[in-house]
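Enquirer: Predicted model follows, preceded by the sequence.
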Amino acid sequence: MEAVRKKAGLNRSAFILEALRTWKESRQQALLVKRYQEGYRLRPEAAALAEALARTSSEALAGEDWD
C-alpha cells in the first residue's frame with residue numbers, strides 16, 4: 001500500500017480518502033447494475049423490439065471502418 005501511495009504522490013490521508021471514494025463509487029455502480037438487472041427481469045423488452053434494434057444497429061454499423 002505504501003509503495004502505491006508513494007507512486008501516486010499522495011499523503012496517507014489523501015490516499016485513504018481516494019480509496020474510500022473509489023470503493024463507494026464501485027458500490028454505487030454495482031447497486032445501479034443490480035437495479036437495472038432486476039428491472040429488466042421484471043419487464044424484459046419484447047422480442048420484436050429486440051429484433052428491430054438488432055437490425056437497426058447492424059445497418060447503422062455496417063458502414064463503419066472497424067480496422
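Expert: Looks like it came in fine.
Enquirer: from here on, contacts and neighbour counts on C-alpha atoms
Expert: Fine.
Enquirer: any chance you could map the helices in the protein?
Expert: 2-8, 12-42, 47-62 (DSSP state H).
Enquirer: would CSV of those with mean pLDDT be doable?
Expert: Compiled in CSV, those are given as follows (pLDDT from 0 to 100):
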stretch, mean pLDDT
helix 2-8, 94
helix 12-42, 96
helix 47-62, 89
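Enquirer: Including mean neighbour count, could those go into a markdown table?
Expert: As requested, those are exported to a markdown table (neighbours: other CA atoms under 10 Å):
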| stretch | mean neighbour count |
| --- | --- |
| helix 2-8 | 11 |
| helix 12-42 | 12 |
| helix 47-62 | 11 |
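Enquirer: Look up how far Trp23 lies from the residue nearest the centre of the chain.
Expert: Closest to where the C-alpha atoms of the chain average out (CA atoms, centre = their mean) is Gln29, at 6.9 Å. Using CA to CA, to the nearest Å, we find Gln29 at a distance of 10 Å from Trp23.
Enquirer: Same question for Ser57.
Expert: Distance from Ser57 to Trp23, counting by CA to CA: 35 Å.
Enquirer: for Tyr40, same thing?
Expert: 26 Å.
Enquirer: Same question for Ala50.
Expert: Going from Ala50 to Trp23 by CA to CA gives 35 Å.
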